[in-house]
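Student: One predicted model, sequence on top.
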Amino acid sequence: MRDFACLALFTIVFLSSCSPKKADTVLKNETLSLNGEWHFLASNEESEEQLLTVDYAKWDTLSVPGNWDVENKYAHFKGKGYYQRSFTLPENWQKKQVRLKFDAVYETSKVWLNGKLLGEHEGGYTPFEFNITDEVRTDKPNSILVMADNTFRRGAWWAWGGISRDVSLLAHNDVRLVRQHISAVPDFDNGVVDFAISYKIENNSDTPQNLKINPDILGPDHKSWQPQTLEVTVAANETIEKVLTFKKELKEVELWHFDRPHLYVLNSSLVSNDQEVDAVSDKFGIRKMEAIGEQLFLNNEAVRLNGFNRVHDHRLYGNTEPDELIKNDILDIKALGGNFSRIMHAPASKNLLQFCDSIGYMVIEEIPVWGRGAPNATPDNPRTKKWLDEMIARDFNHASVVGWSMGNEIGNPDGEWQDMTMTPGQYEYVNDMLDHVASLDSTRLKTVVSFTSHLPLAQPGNEPYEKLDLLCMNSYGETYEKVGRAHAKFPGKPIFISEIGDKQIGLTPDAGFSDTLIEQLDKIRTLPYVVGSALWTYNDYRSDYKATPPSENRAWGVVDVWRNKKKAYKQIQDIYAPVQGLKASVGKQSLAITLLPRNEQDIPAYIMEGYTLVYELFNAEDQSIGKERIELPIIKPGDDALEFNFKKENNVARIDVGLWSPMQIEVKTASSKVWKKPTVEASDSPVIEFLGRKSESISIGYTVSEKDSIFTFKYGNAPEHLTEEITTDLKGAIKIKWPSSEPFFVKLKSDVTDWSTTEQLIE
């Protein structure tokens, strides 16, 4: 990772040095963040008209971005939450166009400025904005009031309420580049890359504008090149789209790959009368993901890949997705052998996709149309089309996004599971949405995730198979048999098992996979039309869905909600590793490392280029006495085993070895020593699983049994000084105010147990 971080830093410095100073200053001053403390009121009873003029100082205060349900008093509140804050327009913005932008509010929202309703938005994961130029005050403070309603909920994940993403004010000139969408698709037959840049240009002035757009592309080699200038005329108060197309020799570019995620930067400036009036910058990758026959190809190479569903959920952060959480989770998923999945039942956060671009994790994005009787799965639905429009408009340039999904497990609302099919209306909905997405983006895979394709009544008339590029299906038990039935009904296309599982793994560190799941993961490797699977899930997540444990933490993950690893973590790392085997041994006179590649019909199966082995030697006292690196040759599925033998020094007692990807991520480990995991005595008392600080509060995660109903916490600044006490009925997580300068110690008990051990917050 260190080399990659240096490359990214160098790119940023290089960009800054090559950009006009004037443009840098203009762009820097265009955005004013409205993140921070907002006044907050949770109420389903208040008159919205009266709330426009109340004394907001009497309200509570919450952080934005944030979710109200991470707070103790609002942990189970469902309904309407009102947020208010004021701002003053910068003096140099008074002749600018001004927009108010929300990156996401869950789920239905209304926005008022100075008592006037700007508009409403439906959908909790995509951005929306308002032009407030005519409403914003330039001579005194402005008041924003936002209503967020989390009543709508589908699926088993928690409907975290509130303003969950950034809020910002944007200033720009009368003419602007609304966005640029770039596609860069290799044509391997002709040895070129086909580029297309679609520009959306807006003219808010009362006169026509003759404009020039100057694109500049910066490569991973730090060299830039300029396609031709695009000249456009935009009528007064109009918005248009123009497309610039061009080609480049394939041999002159570096392709984006999950092991080598080379990124380019498209910088475009908008020029009027020889003056730059706007500029935009976006990263992108050059790659081609396609389904041919029953295979999946990345950059002309057949690949079989695995991955994980990741629920955007954390008991401390809600679904706000802070950078550090995303980085740690995706690096963890990559270390577990994950490279590709339909990652979540809703659009991902933009910073998650940015990190996936940089680290090499491929995702199919999905809109939240979920389950039997999905209320939004109706023909020609403007709401779902808007969700799709907003998602694609925001995420078009992300190299990591390789497909779009129209929904998950859609089926008729009544009857037995084995008799489920899509209704005629649901079938029409999917086909209509597939046509719609094709009109927006012809370069990515189109799919819908099915829970019905293997069932007895499934057939071409009720399963939208023809227009799919990739058949995604979910399976919990008997996966080998279900996939076989689906393929028999709908042959000729690759199948990706977008969710695979058996039952909830369990909440404790010793929770592992059932033998049945391990067997099914092994059997599906033999099916040539199966191109991979994604485990449900990487992480446990908060839920009020049926069969959720008392802690409110749904226990499907290989890590818990606090990211503590379970036994299943190591199990799936071995199953999803890019090699079949890795072994280290210490003999009487020699040391040996053996690496066994996957075969061509294995899962995963792809060409491994740029991988390394790192081995470390230890003496009998378990002290490290040396570390070495072995650069591996290109390894193809089906290659013979690689053997590495070394002369043993007298004091070597153990050798540990790790397989590292080109991104410097360790994806498999082995040791000559068999480690025995220490046993942990079971306790009837609750266990503190997590202690974390956020600002002036401490978050505590703890176990909950079926018998527990009330919890008491004693805490203080020393183990012998637990002077504070709080009692609650909250399950699994609680926040306690505590000064950031003070050490923190805590223990707890339930109404039916003794005290737990005292734990310390380690920072």
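Tutor: Happy to help now that I have it.
Student: quick one, helices of the stretch 51-200 of the chain?
Tutor: Counting by DSSP state H, counting those that start in this stretch, the stretch 51-200 of the chain has no helices to list.
Student: Report the residue spans of it with pLDDT below the cut-off.
Tutor: Nowhere does the stretch 51-200 of the chain drop to pLDDT under 70.
Student: Tell me how the protein divides into domains.
Tutor: The chain breaks down by automatic domain parsing into domains covering 31-172, 174-284, 289-376+390-540+554-576, 579-671, 688-760.
Student: which of those domains sits most buried?
Tutor: domain 289-376+390-540+554-576 (a mean of 21; mean count of other Cβ atoms under 10 Å). Quick note: C-beta positions are derived from backbone N, CA and C, even for glycine.
Student: Could you work out the end-to-end span of it for me?
Tutor: As for domain 289-376+390-540+554-576, its first-to-last residue distance stands at 21 Å under the measure Cα to Cα, to the nearest Å.
Student: circling back: of all the domains of the chain, which one comes closest to Ala547?
Tutor: Among the domains of the chain, domain 289-376+390-540+554-576 comes nearest to Ala547, with 7.3 Å by Cβ to Cβ.
Student: average pLDDT across that closest one?
Tutor: On average, the pLDDT along domain 289-376+390-540+554-576 is 97.
Student: now the domains of the chain in a markdown table, with distance to Thr548?
Tutor: Output for the domains of the chain, formatted as a markdown table (distance: least, Cβ to Cβ, whole Å):
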| stretch | distance to Thr548 |
| --- | --- |
| domain 31-172 | 8 |
| domain 174-284 | 33 |
| domain 289-376+390-540+554-576 | 5 |
| domain 579-671 | 31 |
| domain 688-760 | 10 |
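Student: any chance you could map the helices in the chain?
Tutor: With DSSP state H as the criterion, the chain has helices at 2-18, 21-28, 48-51, 323-335, 350-359, 382-395, 424-440, 479-489, 515-523, 567-576.
Student: Could you provide those helices in a markdown table, with additional columns for distance to Gly701?
Tutor: What follows is those, written out as a markdown table (distance: least, Cβ to Cβ, whole Å):
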| stretch | distance to Gly701 |
| --- | --- |
| helix 2-18 | 30 |
| helix 21-28 | 40 |
| helix 48-51 | 35 |
| helix 323-335 | 14 |
| helix 350-359 | 22 |
| helix 382-395 | 32 |
| helix 424-440 | 39 |
| helix 479-489 | 32 |
| helix 515-523 | 26 |
| helix 567-576 | 18 |
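Student: Which one of those lies nearest to Thr723?
Tutor: That would be helix 323-335 among the helices of the chain, by Cβ to Cβ, at 32.2 Å.
Student: Show me how far the closest one is from its chain's centre.
Tutor: 9 Å (Cα atoms, centre = their mean, to the nearest Å).
Student: Just want the angle from it to helix 350-359.
Tutor: Counting by axes from the mean of the first three to the mean of the last three Cα atoms, to 10 degrees, helix 323-335 points 40 degrees away from the direction of helix 350-359.
Student: How much space separates the nearest residue to Lys288 once chain neighbours are set aside from Asn397?
Tutor: The shortest distance from Lys288 to any non-neighbouring residue, by Cβ to Cβ, 6 or more residues apart in numbering, is to Pro186 (4.9 Å). Distance, Pro186 to Asn397, using Cβ to Cβ, to the nearest Å: 17 Å.
Student: on that earlier part again, check contacts around the residue nearest to Lys288.
Tutor: Counting by Cβ atoms under 8 Å, 6 or more residues apart in numbering, Pro186 touches 192-194, 250, 255, 286-288, 299-300.
Student: cool, Gly66 as well?
Tutor: 162-164, 318, 320.
Student: want to throw the residues you listed into a markdown table with distance to Asn564?
Tutor: What follows is the contacts of Gly66, written out as a markdown table (distance: Cβ to Cβ, whole Å):
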| residue | distance to Asn564 |
| --- | --- |
| Gly162 | 26 |
| Ile163 | 29 |
| Ser164 | 24 |
| Gly318 | 19 |
| Thr320 | 21 |
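Student: In those residues, find the pair that's most separated.
Tutor: Ile163 and Gly318 (11.0 Å).
Student: Can you tell me which of the contacts of Gly66 is nearest Ala393?
Tutor: Ser164 (18.9 Å).
Student: List the contacts of the closest one.
Tutor: Neighbour list for Ser164: 65-67, 104-106, 124, 318-320 [criterion: Cβ under 8 Å, 6+ apart].
Student: Beta-bridge partners for Phe130, please?
Tutor: Leu100 (DSSP bridges).
Student: if I look at it, how far off is Lys116?
Tutor: Phe130 is 10 Å from Lys116, by Cβ to Cβ.
Student: same check, this time on Thr245
Tutor: Distance from Thr245 to Lys116, by Cβ to Cβ: 43 Å.
Student: so can I have a markdown table of the contacts of Ser164 showing distance to Ile343?
Tutor: Formatted as a markdown table, the contacts of Ser164 follow (distance: Cβ to Cβ, whole Å):
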| residue | distance to Ile343 |
| --- | --- |
| Pro65 | 20 |
| Gly66 | 23 |
| Asn67 | 20 |
| Ala104 | 16 |
| Val105 | 21 |
| Tyr106 | 18 |
| Gly124 | 17 |
| Gly318 | 18 |
| Asn319 | 13 |
| Thr320 | 17 |
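Student: May I ask which two of those are separated the most?
Tutor: Between all members of those, the farthest pair (by Cβ to Cβ) comes out as Gly66 and Gly124, at 13.8 Å.
Student: that older thread, among the contacts of Pro186, which one lies nearest to Tyr83?
Tutor: Distances from Tyr83 to these, taken by Cβ to Cβ, are shortest for Arg287, at 40.1 Å.
Student: related to what we said a few turns ago, now the contacts of Pro186 in CSV, please, with extra columns for distance to Ile603.
Tutor: Converted to CSV, the contacts of Pro186 look like this (distance: Cβ to Cβ, whole Å):
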residue, distance to Ile603
Val192, 33
Val193, 30
Asp194, 31
Leu250, 29
Leu255, 23
Ile286, 27
Arg287, 21
Lys288, 21
Asn299, 19
Asn300, 20
